[in-house]
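> Quick check, what structure comes out for this input:
(chains A and B)
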Protein chains: 2
Amino acid sequence: MDTLVIGIDIGGTGTKFGIVDRNGNVLFSSEMSTRGYDEVADYIETLYNNLLPFIEQIGGKGRIKGIGVGAPNGNYYTGTVEYAPNLPWKGIIPLAKMMQDKFGLPVVLTNDANAAAIGEMTYGCAKGMQDFIMITLGTGVGSGIVANGKLIYGHDGFAGELGHTVTIPDGRYHPGTGKKGSLESYASATGVKYTAIEFLDRDDTPSLLRDIPREQLDSKAVFDAAMQGDALAKEVFEFTGKVLGMALANAVMFSSPEAIVLFGGLTKAGELILKPTKEHMEANLIQIFQNKVKILVSHLKESDAAILGASALAWELQ
Amino acid sequence: MDTLVIGIDIGGTGTKFGIVDRNGNVLFSSEMSTRGYDEVADYIETLYNNLLPFIEQIGGKGRIKGIGVGAPNGNYYTGTVEYAPNLPWKGIIPLAKMMQDKFGLPVVLTNDANAAAIGEMTYGCAKGMQDFIMITLGTGVGSGIVANGKLIYGHDGFAGELGHTVTIPDGRYHPGTGKKGSLESYASATGVKYTAIEFLDRDDTPSLLRDIPREQLDSKAVFDAAMQGDALAKEVFEFTGKVLGMALANAVMFSSPEAIVLFGGLTKAGELILKPTKEHMEANLIQIFQNKVKILVSHLKESDAAILGASALAWELQ
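Predicted coordinates for the structure are as follows:
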């Protein structure tokens, strides 16, 4: 029987897990809450009990090569999760070691965007590419960079934080980091919301967004308004694409990827965001890089992508 | 007898070449003009005739593993020099192939900043590092990025153009690229000159630099004035370090290097430029990257560095 891997994606709210084959088929999957466990050990115990029935159904642990885990602030080298602001456990957690002891299987861990990059390289649209950049555009902005066929972890395991690079010096404040002008402050769902608010407060331009109570104004509302032809909402996406395009141009001039793969909620805005992003990327590239780099949108099913990404790590286990 | 390599550094004005041993000792070196040859073939012929006596002195071609060449816009994959604005030969030049045919030795080629990075990794202060970034601060700004122990060439061979990344959106115009706000527009010798002119034209602050005719005002003059305590000249370096530090922070959050190695004319300004660079780099890094990355200044002899960098490529030949 074919070898399989387990993928576990740990988010601030929920944890998704599943068993995956070589071709990226998710044979079994489920999810559970990440919250409500004061001790990491209790969380791992529950996770183990949830996975056990699946493991038995596929014929037992002997068929499983290993477990890949994607977690915020996950460190590939040490297998630890370090000071993750969105997780309930503080400090440095030796998560890979604890899981390995519980499951009796090798465990490899990295952050969620790195896991997504390896997922695209293993099962998705970056298959066969030696050089590409993965960008996840969700509540925040994550990234995973592949060069010479290998993910860049950097000397400390934390490489690929493109979301925190300064894109607009002295720009918008990021409450999570205390820094100003990061890509994430603009090119995330949160960023789109704040750009909309700024544009609404700028003057009295009529907009459908004025009918929405501020606490309900989110990137989805901006998208809906833009689809109804609202000029201000369209300008929000134009501006977001301008900032993202500039950041992508900088990334291209850094590592000269074959493609940039985009994933996450914001990509649902389609050409509304992709068109200005491409235009402004090209406009900021020097000549030798122009019209070479593909911008691709991940075609992995969103419900599976997190599990697939995490699972892909386990195939690289020796 | 030990194997040796040849290093050739092709600059817009002059070409440096030499024979180097495993430890980075330059056994023989010389230079010639890059200009005055309408045909590349004539240039290569002269280069060959200049190198031949050295090759004979070390015991002939049999002792030489290969030739490494650093050249502006040099492409590692194709061995070509493509549209180099500062070289006399236009279009795409198959330089590696032409040299290989003339010398009867394997030839490998890359751009000068990439060659410098491999030089530091082979003989210099990045020896043994798996992840570092080389930045050359001269008339322009070049860079070479090493991750997972390998130089990043990117999918097309042109990776590592950090000098052209947008650092100040809509900032200073770069006549060579037609783009605005690139790192090179600020953190190069040329950038320092233009910053000084901007600061002088801003108001009437007294400055030693006002005594210098504009056409003689260069980064050396700004340095000399700063060393004499000139406040405006010091502010020029402070500002240059601020822009460079921000760009370095972005590079760190991208590939998380163990060190950034600086090389070139601007580093002669010492703490005048290094202090603000370090401060602003740290200030723009998110917490997990702070106080981790060393900023090193290359200790390779400047007269040898270009030859060493180019020669180092040849050790990697199979």
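> Quick check: residue A:92 touching residue A:74?
No - using Cβ atoms under 8 Å, residue A:92 makes no contact with residue A:74, being 11.4 Å away. No exception for glycine: its C-beta is placed from N, CA and C like everyone else's.
> who touches both of those two?
Shared contacts of residue A:92 and residue A:74 (Cβ atoms under 8 Å, 6 or more residues apart in numbering or on different chains): A:80-81.
> contacting residues around residue A:227?
Contacts of residue A:227 by Cβ under 8 Å, 6+ apart are residue A:272.
> check which helix or strand covers the residue in the stretch 101-250 of chain A that chain B sits nearest to.
Of all residues in the stretch 101-250 of chain A, residue A:154 sits closest to chain B, at 2.4 Å by Cβ to the nearest Cβ. Counting by DSSP states H and E, no helix or strand carries residue A:154.
> Model confidence score at it, please.
Note on residue A:154: pLDDT of 97.
> Burial check on it, number of neighbours?
27 (other Cβ atoms under 10 Å in any protein chain shown).
> isn't it right next to residue B:251, touching?
No - if you go by Cβ under 8 Å, residue A:154 and residue B:251 don't touch, sitting 10.8 Å apart.
> Are there residues contacting both of those two? Which ones?
Joint contacts of residue A:154 and residue B:251 (Cβ under 8 Å, 6+ apart) are residue B:257.
> Just list the residues touching residue A:21, thanks.
Per Cβ under 8 Å, 6+ apart, neighbours of residue A:21: A:2, A:4, A:27.
> Please list all residues in contact with the first one.
Right, the one you point to is residue A:2. A:21-22, A:63.
> which SS state does it fall under?
coil (DSSP: H, G, I helix; E, B strand; the rest coil).
> How far off centre is the longest helix seen in chain A?
Secondary structure of chain A per DSSP state H: the longest helix is helix A:231-255. Put simply, helix A:231-255 sits 17 Å off its chain's centre (Cα atoms, centre = their mean, to the nearest Å).
> Between the contacts of residue A:21, which sits nearest chain B?
Using Cβ to the nearest Cβ, the contacts of residue A:21 come closest to chain B at residue A:4, 27.8 Å.
> Does the closest one touch residue A:19 like I think?
Yes - judged on Cβ under 8 Å, residue A:4 makes contact with residue A:19 at a distance of 5.4 Å.
> So for the helix or strand harbouring residue A:221, what gets flagged as buried?
In this structure, residue A:221 sits in helix A:219-227 according to DSSP H and E. The neighbour-count check on helix A:219-227 (16 or more other Cβ atoms under 10 Å in any protein chain shown) flags A:219, A:221-223, A:225-226 as buried.
> and what of stretch A:209-216?
So for stretch A:209-216, counting by 16+ other Cβ under 10 Å, buried means A:209, A:212.
> Just the CA atoms of it, as PDB, please.
Coordinates of the C-alpha atoms in stretch A:209-216 are reproduced here as PDB (Å, rounded to 0.1, in the frame of the first residue of the first chain):
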ATOM      1  CA  LEU A 209     -20.000  51.900   1.800                       C
ATOM      2  CA  ARG A 210     -21.400  54.900   3.600                       C
ATOM      3  CA  ASP A 211     -24.600  52.800   4.300                       C
ATOM      4  CA  ILE A 212     -22.700  50.200   6.100                       C
ATOM      5  CA  PRO A 213     -22.100  50.600   9.900                       C
ATOM      6  CA  ARG A 214     -18.300  51.000  10.500                       C
ATOM      7  CA  GLU A 215     -18.200  47.900  12.700                       C
ATOM      8  CA  GLN A 216     -19.600  45.800   9.800                       C
END
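> ok, and what's touching that stretch?
Applying Cβ under 8 Å, 6+ apart, the set of residues contacting stretch A:209-216 is A:196-197, A:200, A:217, A:221-222, A:225, A:230, A:232-233.
> which residues of chain A fall in helices?
Going by DSSP H, chain A shows helices at A:40-57, A:95-103, A:112-122, A:183-186, A:189-202, A:219-227, A:231-255, A:271-284, A:302-315.
> how about these in a markdown table, adding mean pLDDT?
Converted to a markdown table, the helices of chain A look like this (pLDDT from 0 to 100):
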| stretch | mean pLDDT |
| --- | --- |
| helix A:40-57 | 97 |
| helix A:95-103 | 97 |
| helix A:112-122 | 93 |
| helix A:183-186 | 97 |
| helix A:189-202 | 97 |
| helix A:219-227 | 97 |
| helix A:231-255 | 98 |
| helix A:271-284 | 98 |
| helix A:302-315 | 90 |
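> could you dump these to a markdown table with distance to residue B:286?
A markdown table is the format used below for the helices of chain A (distance: least, Cβ to Cβ, whole Å):
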| stretch | distance to residue B:286 |
| --- | --- |
| helix A:40-57 | 24 |
| helix A:95-103 | 21 |
| helix A:112-122 | 14 |
| helix A:183-186 | 10 |
| helix A:189-202 | 16 |
| helix A:219-227 | 23 |
| helix A:231-255 | 15 |
| helix A:271-284 | 23 |
| helix A:302-315 | 22 |
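> Nearest to residue B:302 among these would be which one?
helix A:231-255 (26.3 Å; Cβ to Cβ).
> other SSEs contacting that closest one?
If contacts are counted by 3 or more Cβ pairs under 8 Å, 6 or more residues apart in numbering or on different chains; DSSP states H and E, helix A:231-255 sits against strand A:132-137, strand A:141-147, helix A:183-186, helix A:189-202, helix A:219-227, strand A:259-263, helix A:271-284, helix B:231-255.
> out of the helices of chain A, nearest to residue B:271?
Closest among the helices of chain A, using Cβ to Cβ: helix A:231-255, at 27.7 Å.
> So which bits of that closest one are buried?
A:232-255.
> Quick one: the buried residues of helix A:219-227 as JSON lines, columns for distance to chain B too.
Below are those laid out as JSON lines (distance: Cβ to the nearest Cβ, whole Å):
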{"residue": "A:219", "distance to chain B": "23"}
{"residue": "A:221", "distance to chain B": "28"}
{"residue": "A:222", "distance to chain B": "23"}
{"residue": "A:223", "distance to chain B": "25"}
{"residue": "A:225", "distance to chain B": "27"}
{"residue": "A:226", "distance to chain B": "24"}
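> what do residue A:4 and residue A:19 both touch?
A:27, A:58, A:64.
> List phi and psi for the second one.
This means residue A:58. Per-residue torsions, residue A:58: phi -90, psi 0 (degrees, to the nearest 10).
> So what are the structural domains in chain A, by residue number?
Listed by automatic domain parsing, the domain ranges of chain A are A:4-120+A:303-315, A:126-299.
> Could you say which one of the ones you listed comes nearest to residue B:49?
domain A:126-299 (32.6 Å).
> Now for the residue of the stretch 201-318 of chain A found nearest chain B, how many residues are close by?
Here the residue of the stretch 201-318 of chain A nearest chain B is residue A:256; by Cβ to the nearest Cβ that distance is 2.4 Å. Residue A:256: 24 surrounding residues under other Cβ under 10 Å.
> Return the distance of it relative to residue A:162.
Residue A:256 sits 15 Å away from residue A:162, going by Cβ to Cβ, to the nearest Å.
> who in the stretch 1-150 of chain A is up against chain B?
Residues of the stretch 1-150 of chain A lying close to chain B (Cβ under 8 Å from any Cβ of the partner chain) are A:73, A:82-83, A:129-131, A:145, A:147-148, A:150.
> Quick one: buried ones out of the shared contacts of residue A:4 and residue A:19?
A:58, A:64.
> Export the shared contacts of residue A:4 and residue A:19 as TSV, with columns for pLDDT.
What follows is these, written out as TSV (pLDDT from 0 to 100):
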residue	pLDDT
A:27	96
A:58	96
A:64	97
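> My read is that residue A:136 contacts residue A:114, right?
No - applying Cβ under 8 Å, one finds residue A:136 not in contact with residue A:114, separated by 10.0 Å.
> Need the overlap of contacts for the two.
Counting by Cβ under 8 Å, 6+ apart, residue A:136 and residue A:114 have no shared contacts at all.
> Check the gap between the closest residue to residue A:98 other than its chain neighbours and residue B:77 for me.
Closest residue to residue A:98 apart from its sequence neighbours, by Cβ to Cβ, 6 or more residues apart in numbering or on different chains: residue A:44 at 5.6 Å. From residue A:44 over to residue B:77 the distance is 46 Å, taken as Cβ to Cβ.
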